[in-house]
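Asker: Okay, sequence plus prediction incoming.
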Amino acid sequence: MLIRTEDLWKIYEMGAEKVNALRSVSLEVNMGEYVAIMGPSGSGKSTLMNLIGCLDTPTRGSYYLNDKLVSQMNDDELARIRNKEIGFVFQTFNLLSRATAAHNVELPLVYNGTESEIRKRKAREALQMVDLEDRATHKPNELSGGERQRVAIARALVNNPSLILADEPTGNLDTKTGKEIMKILEKLHHQGNTIIIVTHEHDIATYADRILYIRDGAIEKEERIKH
């Protein structure tokens, strides 16, 4: 079991008002699974993603990642878990504009102190996985939207994380390019990677093995997808 949450709540206090962004969410994700989280704007899917990605902590409840109780960790411990266990892919790519594709991919390894030669080799291997090694020396403004997202996926892979978290990964792409990105994620899943994708588009969610539908901060239903 890679992920287990038990009775997870996230409550925001807005002045005198309390907003229940997540209400008693309990879920499990196995190693090697491909799961989509779907829901309308304001449903709590981004809040859940932030908790799973150790970008935030729950108000109450437990979250275990790889048998570690991360819901009780402090900020430094969470930062270490994020760097070691989780690869992030964002809608807006989040690339450094002045850095080459290869250097952008290296960044998680820079943060954890990996030596230069190993960083360069791993970045090259990650770019090969997304068929982009020939663009390694290009900067983001010299790449198409689809190529930028592939660089972001390579960066997510470079640490060999336990989990790839993709937040609306096709949101800024046209339909054809979006399908190409989903094919890459599909290939990575077939290679054994655990992937969680957050999306509001049903045709994107159906690439996954199962879909969790979230509404008003709670999981409303679950759907298994036959491929």
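Answerer: Cool, the structure landed.

Asker: Residue 50 contacts residue 58, doesn't it?
Answerer: No - using C-beta atoms under 8 Å, residue 50 makes no contact with residue 58, being 10.0 Å away. Every residue, glycine included, has its C-beta placed from N, CA and C.

Asker: Neighbour count for these two, which is higher?
Answerer: For residue 50 versus residue 58, neighbours defined as other C-beta atoms under 10 Å are more numerous around residue 58 (22 against 19).

Asker: Setting aside sequence neighbours, what's the nearest residue to that one?
Answerer: residue 8 (5.0 Å; C-beta to C-beta, 6 or more residues apart in numbering).

Asker: Any idea what the residue sitting nearest the centre point of the chain is bridged to?
Answerer: Nearest to the geometric centre of the chain sits residue 165, at 1.3 Å (C-alpha atoms, centre = their mean). Counting by DSSP bridges, residue 165 is bridged to residue 88, residue 196.

Asker: Could you do residue 25 as well?
Answerer: Per DSSP bridges, residues listed as beta-bridge partners of residue 25: residue 8.

Asker: So it is in contact with residue 4, correct?
Answerer: No - distance between residue 25 and residue 4: 11.3 Å, which falls outside the contact criterion (C-beta under 8 Å).

Asker: got the CA positions of the longest helix anywhere in the chain in CSV?
Answerer: Counting residues, the longest helix found in the chain (DSSP state H) is helix 175-190. The C-alpha atoms that make up helix 175-190 are tabulated as CSV, following Å, rounded to 0.1, in the frame of the first residue of the first chain:
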residue,chain,number,x,y,z
THR,A,175,-6.4,18.6,-27.5
LYS,A,176,-3.8,16.9,-29.7
THR,A,177,-0.9,17.9,-27.5
GLY,A,178,-2.9,16.9,-24.4
LYS,A,179,-3.4,13.4,-25.8
GLU,A,180,0.4,13.1,-26.4
ILE,A,181,1.1,14.0,-22.8
MET,A,182,-1.5,11.5,-21.6
LYS,A,183,0.2,8.8,-23.7
ILE,A,184,3.5,9.6,-22.0
LEU,A,185,1.9,9.2,-18.5
GLU,A,186,0.3,6.0,-19.7
LYS,A,187,3.7,4.7,-20.8
LEU,A,188,5.2,5.6,-17.4
HIS,A,189,2.3,3.8,-15.7
HIS,A,190,3.0,0.7,-17.7
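
Asker: Which elements pack onto it?
Answerer: strand 34-38, helix 145-157, strand 163-167, strand 194-199 (3 or more C-beta pairs under 8 Å, 6 or more residues apart in numbering; DSSP states H and E).
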